[in-house]
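Q: 3D model of this:
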Amino acid sequence: AMASPAAAETERESRRRLSYGTAGFRREGSTLIGVAFRCGMLAAVRSIALQGRATGLVVTASHNPVEDNGVKLVDGDGGMLHMSWEKHAEAIVSAQNAVDLEQVVLRILAKEEVNLMGGERAGTVLLALDTRPTGPRLVSAAMAGIRAAGAAVVGSEDTLRTTPQLHWQVLATNAGGPCEEKDYYDKLNRACSSLLLGRDAAVSSLVVDCANGVGALKLPSVLPAVTASGTAVTLANTGGGTLNSLCGADFVQKERRLPMCVGALAGGQLGASFDGDADRIVFFVGGSESGGSDLDLLDGDKILCLLAGHLKRCVEGLGGSFGPVAFGCIQTAYANGSSTRYLEQGLGLEVVKTKTGVKHLHAAALAFDLSVYFEANGHGTVLFSPDFLRRLREAKGSGSEWAGHLLEISNVVNPAIGDALSMLLLVLAILSHEAGGLDTWRGLYADAPSRMLKCVVPDRSAIKTTNAEQRMTQPAALQAKVDDLVAGAELARAFVRPSGTEDVVRIYAEARTQEQA
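A: Here you go, the predicted structure:
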């Protein structure tokens with residue numbers, strides 16, 4: 001329907017204030033038509049600038065409520081839009097009319113030295129969406145933008161995918177290998193079957209909360225190896241309820257409560273929760289009587305520690321003749337201090353802290369031969385450098401079983417982004433290889449008590465930070481006061497950082513006791 005002049009003006013003005021973050025552009029879904037069209041144009045221009053390598057565009061708002069939606073761009077390497085292009089995204093979305101839009105596009109083309117008349121026009125953009133009701137209209141708008149910029153469209157209003165599936169598909173397309181959805185499932189199933197071959201199931205019963213999202217449609221295609229190994233799988237919140245409402249990874253991680261439609265878990269049972277687009281996963285087991293909760297959470301920090309311990313043993317198994325392996329773990333300042341101490345002191349691994357946001361963790365992880373990164377919210381993956389993979393293939397050819405095992409792990413993980421489907425398979429496989437299984441995993445460490453809150457401020461830019469947002473450089477007097485408070489508590493740390501999206505500052509503190517925190 002034709003929008004009223006007043007509504008159109010409101011929509012144009014609102015686009016001036018949008019910023020492109022880790023999640024792309026995100027707000028109430030019905031207000032994003034103009035944003036989707038312009039993002040389609042930018043995805044096409046980015047593909048053209050990459051000499052025709054495919055890019056991607058996914059319509060999703062991840063863990064947000066069903067009425068929200070978002071537009072997120074995927075770069076040619078399968079990762080998030082390159083940070084140098086985020087300002088281009090904000091500029092093109094802010095264009096107020098057709099003349100402004102043309103001028104913005106011309107400036108982008110000039111800055112990136114793209115010559116549309118020089119035979120570089122054959123761009124390609126892959127599309128996908130999740131199950132939100134506003135998704136098809138936004139995809140239609142994005143398709144129009146892509147075609148207006150002269151690029152080809154792969155996908156339609158019916159291309160339902162998890163966000164990690166689209167990231168993988170862009171990566172696989174540009175690598176020249178098998179890149180269809182069936183190829184994604186085949187790769188996961190082959191590698192998971194190999195990792196579980198001859199192993200006893202560490203989990204007798206698995207309950208997966210699919211958040212009433214797109215993951216519910218895709219998960220059954222990657223379960224054959226799991227069920228064949230002896231694990232009974234039950235799916236909950238598969239679409240009959242409201243997306244992300246009282247369910248999903250964000251709800252379980254923040255509220256420390258069982259998702260709706262999931263009853264109390266018995267011993268030997270494992271629960272898992274996806275978010276709405278299946279790029280996050282957290283696990284949980286039945287709560288202990290002394291804990292006062294109906295679940296014990298196994299969040300992104302616990303997942304990282306499980307993976308890191310197993311991978312360390314694998315690297316040690318390669319032996320000295322394999323040569324040195326640079327292995328790192330990447331966290332943000334929000335990672336619980338007990339997890340960091342376990343990684344550094346318990347496992348003797350290098351831990352790198354980065355700014356908040358998956359794009360920062362992924363970038364830091366690329367510096368290592370082998371790395372694991374996770375946020376506490378359940379978004380993370382394992383990365384293998386190309387050279388490390390080459391060395392593993394050579395070692396496998398010489399008979400190394402450890403090298404073969406690591407190569408199968410590399411085939412399960414999504415190298416582009418955190419992926420709930422692949423991480424579910426990997427955790428189950430690793431538990432089958434680790435003595436003690438679930439009980440050992442949940443007992444790796446006890447979380448340090450913490451408190452987190454936010455304060456509304458007139459100007460968040462007054463606070464400047466350094467050291468991965470863990471210390472303030474301005475105001476210096478405020479950092480001195482934080483230091484004094486930290487010095488007065490055991491196992492304490494605290495930081496204050498400005499929000500990236502709103503005029504608030506976020507405050508985090510942890511200590512040996514909840515009272516001290």
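Q: Strands of the stretch 351-500 of the chain, start to end?
A: 370-374, 380-384, 450-456, 464-466, 471-474, 493-498 (DSSP state E, counting those that start in this stretch).
Q: which of these is buried the deepest?
A: The highest mean neighbour count among these, using mean count of other C-beta atoms under 10 Å, belongs to strand 370-374: a mean of 27. In short, each C-beta sits where N, CA and C put it, glycine included.
Q: And for that strand, what's in contact with it?
A: With contact meaning C-beta atoms under 8 Å, 6 or more residues apart in numbering, strand 370-374 is reached by 300-301, 303-304, 307-308, 311, 315, 325-331, 335, 358, 361-362, 364-365, 380-385, 388, 418.
Q: Now restrict those residues to buried residues only.
A: With neighbours counted by 16 or more other C-beta atoms under 10 Å, these contain buried members at 300-301, 303-304, 307-308, 311, 315, 325, 327-331, 335, 358, 361-362, 364-365, 380-385, 388, 418.
Q: Please flag which of the residues you listed sit within helices.
A: The members of the buried ones among the contacts of strand 370-374 that map onto helices under DSSP state H are 300-301, 303-304, 307-308, 311, 315, 358, 361-362, 364-365, 388.
Q: Including pLDDT and distance to Arg280, could these go into a markdown table?
A: A markdown table is the format used below for these (pLDDT from 0 to 100; distance: C-beta to C-beta, whole Å):
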| residue | pLDDT | distance to Arg280 |
| --- | --- | --- |
| Gly300 | 98 | 8 |
| Asp301 | 98 | 13 |
| Ile303 | 98 | 10 |
| Leu304 | 98 | 13 |
| Leu307 | 98 | 15 |
| Ala308 | 98 | 19 |
| Leu311 | 98 | 21 |
| Val315 | 98 | 27 |
| Val358 | 92 | 10 |
| Leu361 | 96 | 13 |
| His362 | 97 | 14 |
| Ala364 | 97 | 19 |
| Ala365 | 98 | 17 |
| Phe388 | 98 | 26 |
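Q: Phi and psi next, for Ala489.
A: Ala489 adopts backbone torsions of phi -130, psi 160, taken as degrees, to the nearest 10.
Q: hmm, I was thinking of Ala61
A: Dihedral angles (degrees, to the nearest 10) for Ala61: phi -120, psi 20.
Q: ok, it touching Lys72?
A: No. If you go by C-beta atoms under 8 Å, Ala61 and Lys72 don't touch, sitting 9.2 Å apart.
Q: Which one of those two is surrounded by more residues?
A: Comparing Ala61 with Lys72 by other C-beta atoms under 10 Å, the one with more neighbours is Ala61, at 29 against 26.
Q: contacting residues around that one?
A: Taking C-beta under 8 Å, 6+ apart, one finds Ala23, Arg26, Gly29, Asp68, Asn69, Gly70, Asp130, Arg132, Gly276, Asp277 in contact with Ala61.
Q: need the strands for the stretch 101-250 of the chain, in chain order.
A: Assigned by DSSP E, counting those that start in this stretch, the stretch 101-250 of the chain shows strands spanning 124-129, 152-154, 205-209, 232-236.
Q: To Lys254, which of those strands lies closest?
A: strand 205-209 (14.1 Å; C-beta to C-beta).
Q: orientation of that closest one relative to strand 232-236 in degrees?
A: Angle of strand 205-209 versus strand 232-236, following axes from the mean of the first three to the mean of the last three C-alpha atoms, to 10 degrees, is 20 degrees.
Q: Check which helices and strands strand 205-209 sits against.
A: strand 232-236, strand 269-274 (3 or more C-beta pairs under 8 Å, 6 or more residues apart in numbering; DSSP states H and E).
Q: what's the first one in contact with?
A: With C-beta under 8 Å, 6+ apart as the contact definition, strand 232-236 has outside contacts at 204-210, 216, 219-220, 223, 226-227, 247, 259, 261-262.
Q: just checking, which of the residues you listed belong to helices?
A: Short answer: the contacts of strand 232-236 in helices (DSSP H) are Ala216, Val226, Thr227.
Q: Determine the number of other residues adjacent to the closest residue in space to the last one that isn't next to it in sequence.
A: Spelled out, it's Thr227. Using C-beta to C-beta, 6 or more residues apart in numbering and skipping the chain neighbours, the partner closest in space to Thr227 is Val233 (5.9 Å). For Val233, the neighbour count with other C-beta under 10 Å is 17.
Q: Repeat that for Gly437.
A: Around Gly437 there are 18 residues (other C-beta under 10 Å).
Q: Return the alpha-carbon coordinates of stretch 300-318 using PDB.
A: Below are the C-alpha coordinates for stretch 300-318, written out as PDB (Å, rounded to 0.1, in the frame of the first residue of the first chain):
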ATOM      1  CA  GLY A 300      29.400 -19.700  25.500                       C
ATOM      2  CA  ASP A 301      32.200 -19.600  28.100                       C
ATOM      3  CA  LYS A 302      31.600 -23.200  29.100                       C
ATOM      4  CA  ILE A 303      31.400 -24.300  25.400                       C
ATOM      5  CA  LEU A 304      34.700 -22.500  24.700                       C
ATOM      6  CA  CYS A 305      36.400 -24.300  27.600                       C
ATOM      7  CA  LEU A 306      35.100 -27.700  26.500                       C
ATOM      8  CA  LEU A 307      36.300 -27.200  23.000                       C
ATOM      9  CA  ALA A 308      39.700 -25.700  24.100                       C
ATOM     10  CA  GLY A 309      40.500 -28.600  26.400                       C
ATOM     11  CA  HIS A 310      39.800 -31.100  23.700                       C
ATOM     12  CA  LEU A 311      41.700 -29.200  21.000                       C
ATOM     13  CA  LYS A 312      44.700 -28.800  23.300                       C
ATOM     14  CA  ARG A 313      44.800 -32.600  23.800                       C
ATOM     15  CA  CYS A 314      44.600 -33.100  20.000                       C
ATOM     16  CA  VAL A 315      47.400 -30.700  19.400                       C
ATOM     17  CA  GLU A 316      49.500 -32.400  22.000                       C
ATOM     18  CA  GLY A 317      48.700 -35.700  20.300                       C
ATOM     19  CA  LEU A 318      50.200 -34.500  17.000                       C
END
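Q: Appreciated, that's everything.
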